[in-house]
Each structure stands twice: as structure tokens, then as C-alpha cells.
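**Q** sequence? don't have it. structure:
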């Protein structure tokens, strides 16, 4: 299945006209490639290009991420075998901290948005009844960046579970980092404390800058 | 001439000896064999020199903050983007014979021909490599090194290695670095053999360090900000990036991604054992 979809600014403008502002929290529909395109479209138009205060951008990002990403599944993956070993309240606290870290990290990354567009190229089947969507971020005067999206089908539609930028998987990198902390710095209580303080730092920076 | 050759041997021998001694001093303690999951995790991390590597990393971070970063920062601030690009291109062009030799060693005739053609065109039409004309003509740059060649030949990466100034590496890639720098780099041959002017190679290395730092600074900062254990995050990212270089940039095959195992889909919707809410 070959799909080519270029998100040009003019296309975005059409979307901007078509999507009413209050429809921000909408259902995720369609095939994996469409879901990825939709995520990029809404992200660009209603968050990155929107003329709103920083805090509101972060809030919108959070809604967007929770809609398109299965954050709890990613969080569980990053802990691997340690997830089941953790206490229920540790799981809850870790999940909340991880969600904050993801939201603030991506809000900051995208704060340098400079008109880039996402071109979705193709969809391949992924090992576990999932889908792997290949795409390229195209910007002015910079090398194109290859981004692959791993998706899983849930009852109410496809959800992103990993983003692989130039061969580097977000989920795998977090998993291997957290494994180091869990093994060396006090197991689950240590990781929960550290992720909470990181989330607090990121929140402070996001509101300050 | 004899002297310089033996000089180089002494340098390499000394470096290997120092590495060996440090290795003995900095080994990580493997988990007990009775915990297979912990053993599997230890093998996946493949950082048998972790205590030593973390020390080197700390040292490097200090060196980075005190020297490399300020220099790279001033370089970025004072030298215009266009000029920095010219410098990058010249350095890339000068080092491209290393890529050429490794293309050949990997049996990549087509890529070797591309590298050779790029060297000729960029050195002449591109005014000594300042302009990447070959890229504009549709032959983009690629790089190879002896670490990648060894990987293509089936050599595993040994274990992770963090080198001060040079950053994340592995035993295999570290050896590759030495072979490239002393064996394949024409600048090394030029500066050692007929002229005994090692400073040329040092100057090249210095310029490469600053150029690389100036280019990579932002990405490094980004990873640092988004991680708790920057050392571990960098180790993971480096490994994945290296794997992509060895694949010559081909997309990651889904089979190489974390997939279904005895525990089910690692990205399953519900955890295997439900936690009380």
C-alpha cells in the first residue's frame, strides 16, 4: 500500500478552515497512515501555528498525545519486566510522571517549529498485527528527517506506540535508560522520585521560557 | 622514516596497553546466574566496562563544559553559517578516502565509485572540497569507517566504550577508529611519513572535533534535557544510530524492533496482570 501525502501549508489552511476550534478533542479515525497525517495536521495547525500562550500549547499537546498515543502502553513497555514487579501506587505515579515528561519534552521540541511538513510515504505490517508508517519531515535548508511510527489497533482506532527518528526509537531509548536507573539507583522508588522531579523541572522550564 | 613508523607503533601499543589496564580496573559486576532476566538485561546493555565508562563520561562532560563547548559555541557565534559549511565540506572531502577504502572493503563497488567520483569532482570543481557540487549533481555524501566494515564482516561490537573527546564507541568501533586514523587517513600518511609533521594530523583532529561539536551540540542538549540518566540514554541512542549507519541508512526492519515474545505484545493494551485502580 503506497500512500503519498504532502502536508503543504495550503492544505493546512484548508484544514484550519474546516476544523472548528471546539472540535479539538475529536475521534481518531482511519487507517494508520491517515492517523499519522491527522496527528501532524492537527499538531501543526492547532498547536504549533496557533497564536496561543505557551501553557495552552502544552495543554493542547497533552490532549493531542492522549488521543493519538497509547501512553500507558508505552510507559509499561519502558519498564519491561519491572512493571509487573512494581506496586500499584508506583505504577500510577510513574505513569503520571512519564506522561508529563513526554508532553513537555515534545512541546519544547516543537517550539522551534519553522514551517516543516510531514510527508507520509508508506505503511508496512508490523510484527504484532500492528502497522509501521514511514514518513519524512521536510524543512527549508535542512536535511530531510526520516520518522517511522509504530501503531497498534485498539477498540476505538489506531494508536501510536513508538516514534523512530532516524533509526532511534523513542520507546527503546527510554526503556534502556530506565533499566539503568532501576538496576543501579534504587529500583522503582528511585525511578519514581527521579521522574517526578524531572517532570516538575520540565514543567517549570516550559512555563518560564 | 623508520623512526616515524616505530613511533606510530609505540603510540598504538601504548594505547592498547593503557586500555588493557583500565579494562581490568573498570569491569562491571555481572548479576548472579540464578536471575536469568537480570542476566539477559546485563547482556542487552552490553556495557561490561560501565564503571570505567561512567568515569570517562564524567571526565568528558567536564572537558566538554570547560573547553569544547565554549570553543564550539564561539565558533557558531562568530563564524557565519556559510563559512562553517565550507569548513565542514573541506573536512568531509579530506577524510573521504577513508570512506572509499571502507566501501571497497565492504564489497560496495557502487558506493566506492560514488565516493571516488565525489572526491574528484568536489576537489576540482568544488574548489578543494569547499562546495559539495557532487551532492547538487545527485550523488549525496555517505560515510563509512572501519568499525562499520568490521560489523559488515560479522564482528560484534565487543562491549560499549566511552572515549573522552571522541564520545560513545565500542571496542570494535574504537579499534576501527585507530585503523582509520593511522592506517587509512591520507592526512596521517602525509603528516607522518614524508614530513614528520604530526601537528597536521592534530590540527585536522582538532578541526574535526570543533566542527562535529558545533553540528551536534543541539541534538546532544536535547537528549540531555529529555533524560534522567544521560549516560544511559546516550548509550542507547548511539547503539541504535550506529546500527542504522551499518545498515547504510536502510529503514529498520520490523523484525528488529521489540516484538511479540513469550510475554505477548510488549505494547499490549492491557498489562498481563491487571493492577487495581
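**A** Everything's here; your move. Bear in mind the structure is a predicted one, so any value in this text is a computation, not a measurement.
**Q** okay, which residue is most central for chain B?
**A** residue B:169 (5.8 Å; Cα atoms, centre = their mean).
**Q** tell me the buried residues in the host helix or strand of it?
**A** Element membership for residue B:169 (DSSP states H and E) is strand B:167-170. Of the residues in strand B:167-170, those buried by neighbour count under the rule 16 or more other Cβ atoms under 10 Å in any protein chain shown are B:167, B:168, B:169, B:170. Just so you know, the C-beta spots here come from the backbone N, C-alpha and C atoms, and that holds for glycine as well.
**Q** tell me the contacts of the closest residue to the last one other than its chain neighbours?
**A** So the one you mean is residue B:170. Closest residue to residue B:170 apart from its sequence neighbours, by Cβ to Cβ, 6 or more residues apart in numbering or on different chains: residue B:157 at 3.8 Å. The contact partners of residue B:157, by Cβ atoms under 8 Å, 6 or more residues apart in numbering or on different chains, come to B:46, B:151, B:170, B:171, B:172, B:173, B:239, B:242.
**Q** what's the answer for residue B:201, then?
**A** Per Cβ under 8 Å, 6+ apart, neighbours of residue B:201: B:181, B:185, B:187, B:188, B:191, B:192.
**Q** among those, which ones are buried?
**A** B:181, B:185, B:187, B:188, B:191, B:192.
**Q** including pLDDT, could the residues you listed go into JSON lines?
**A** Listed next are the buried ones among the contacts of residue B:201 as JSON lines, based on pLDDT from 0 to 100:
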{"residue": "B:181", "pLDDT": "89"}
{"residue": "B:185", "pLDDT": "90"}
{"residue": "B:187", "pLDDT": "84"}
{"residue": "B:188", "pLDDT": "83"}
{"residue": "B:191", "pLDDT": "80"}
{"residue": "B:192", "pLDDT": "75"}
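**Q** save those residues as TSV, and put in secondary structure and distance to chain A too.
**A** Output for these, formatted as TSV (DSSP: H, G, I helix; E, B strand; the rest coil; distance: Cβ to the nearest Cβ, whole Å):
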residue	secondary structure	distance to chain A
B:181	helix	25
B:185	coil	25
B:187	helix	26
B:188	helix	29
B:191	helix	32
B:192	helix	35
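**Q** of those residues, which is the nearest to residue B:199?
**A** Checking the buried ones among the contacts of residue B:201 against residue B:199 with Cβ to Cβ, the nearest one is residue B:191 at 7.4 Å.
**Q** was I right to think the closest one contacts residue B:200?
**A** Yes. The criterion here is Cβ atoms under 8 Å, and residue B:191 meets it with residue B:200 at 3.7 Å.
**Q** quick one: contacts for the residue nearest the centre of chain A?
**A** Nearest to the mean C-alpha position of chain A, counting by Cα atoms, centre = their mean, stands residue A:65 at 5.5 Å. For residue A:65, the contacting residues are A:71, A:99, A:102, A:103, A:106, by Cβ under 8 Å, 6+ apart.
**Q** can you tell me how far the first one is from chain B?
**A** Applying Cβ to the nearest Cβ, to the nearest Å, the value for residue A:71 to chain B is 11 Å.
**Q** backbone dihedrals for the residue lying closest to that residue once chain neighbours are set aside, please?
**A** Of all residues beyond its chain neighbours, the one nearest residue A:71 is residue A:99 (5.2 Å), with distances taken as Cβ to Cβ, 6+ apart. The phi/psi pair for residue A:99 (degrees, to the nearest 10) reads phi -60, psi -40.
**Q** report pLDDT for residue A:99.
**A** On pLDDT, residue A:99 comes in at 96.
**Q** burial of it, as a residue count?
**A** Neighbours of residue A:99 under the rule other Cβ atoms under 10 Å in any protein chain shown: 19.
**Q** before we move on, the earlier item: immediately after the strand holding residue B:169, which helix or strand?
**A** With DSSP H and E, the next secondary element past strand B:167-170 is helix B:171-178.
**Q** average pLDDT across that following helix?
**A** 95.
**Q** what's that helix packed up against?
**A** helix B:2-25, helix B:146-152, strand B:160-163 (3 or more Cβ pairs under 8 Å, 6 or more residues apart in numbering or on different chains; DSSP states H and E).
**Q** can you map out the helices along chain B?
**A** In chain B, the helices defined using DSSP state H lie at B:2-25, B:36-45, B:50-63, B:69-78, B:81-105, B:109-124, B:133-136, B:146-152, B:171-178, B:186-192, B:198-225, B:230-246.
**Q** chain A too?
**A** Taking DSSP H, the helices of chain A run over residues A:9-18, A:32-42, A:54-68, A:71-79, A:82-85, A:88-110, A:170-184, A:187-208.
**Q** worst average pLDDT in those helices?
**A** helix A:9-18 (a mean of 36).
**Q** these two touch, right, residue A:189 and residue A:90?
**A** Yes. With contact defined as Cβ under 8 Å, residue A:189 and residue A:90 form a contacting pair (7.0 Å).
**Q** and those two? Which one has more around it.
**A** residue A:90 (19 against 13).
**Q** for that one, which non-adjacent residue is closest in space?
**A** Using Cβ to Cβ, 6+ apart, the nearest residue to residue A:90 is residue A:188, at 4.8 Å.
**Q** could you do residue A:196 as well?
**A** Residue A:196's closest residue in space is residue A:97 (Cβ to Cβ, 6+ apart), at 4.9 Å.
**Q** now that neighbour: how far from chain B?
**A** 10 Å.
**Q** now do that residue against residue A:116, distance only.
**A** Distance, residue A:97 to residue A:116, by Cβ to Cβ, to the nearest Å: 29 Å.
**Q** still on that earlier bit, what residues are up against the residue nearest to residue A:90?
**A** A:82, A:85, A:86, A:87, A:90, A:94, A:182.
**Q** end to end, how far does stretch A:110-126 reach?
**A** Terminal residues of stretch A:110-126 lie 27 Å apart, using Cα to Cα, to the nearest Å.
**Q** pLDDT wise, what is the closest residue to residue A:179 other than its chain neighbours at?
**A** Of all residues not flanking residue A:179 in the chain, residue B:41 sits nearest, at 5.9 Å (Cβ to Cβ, 6+ apart). At residue B:41, the model reports a pLDDT of 81.
**Q** so who does the closest residue in space to residue A:106 that isn't next to it in sequence touch?
**A** In this structure, residue A:106 finds its nearest non-sequential neighbour in residue A:61, 6.3 Å apart by Cβ to Cβ, 6+ apart. Counting by Cβ under 8 Å, 6+ apart, residue A:61 makes contact with A:43, A:47, A:103, A:106, A:107, A:110.
**Q** tally of neighbours for the third one?
**A** Okay, so that is residue A:103. When counting by other Cβ under 10 Å, one arrives at 23 neighbours for residue A:103.
**Q** please report how far the nearest residue to it once chain neighbours are set aside lies from residue B:252.
**A** Nearest residue to residue A:103, sequence neighbours excluded (Cβ to Cβ, 6+ apart): residue A:62, at 4.7 Å. The spacing between residue A:62 and residue B:252, counted by Cβ to Cβ, is 28 Å.
**Q** wait, the residue nearest to residue A:103 touches residue A:105, no?
**A** No. Using Cβ under 8 Å as the test, residue A:62 is too far from residue A:105 to be in contact (11.9 Å).
**Q** that concludes my questions; thank you for your assistance.
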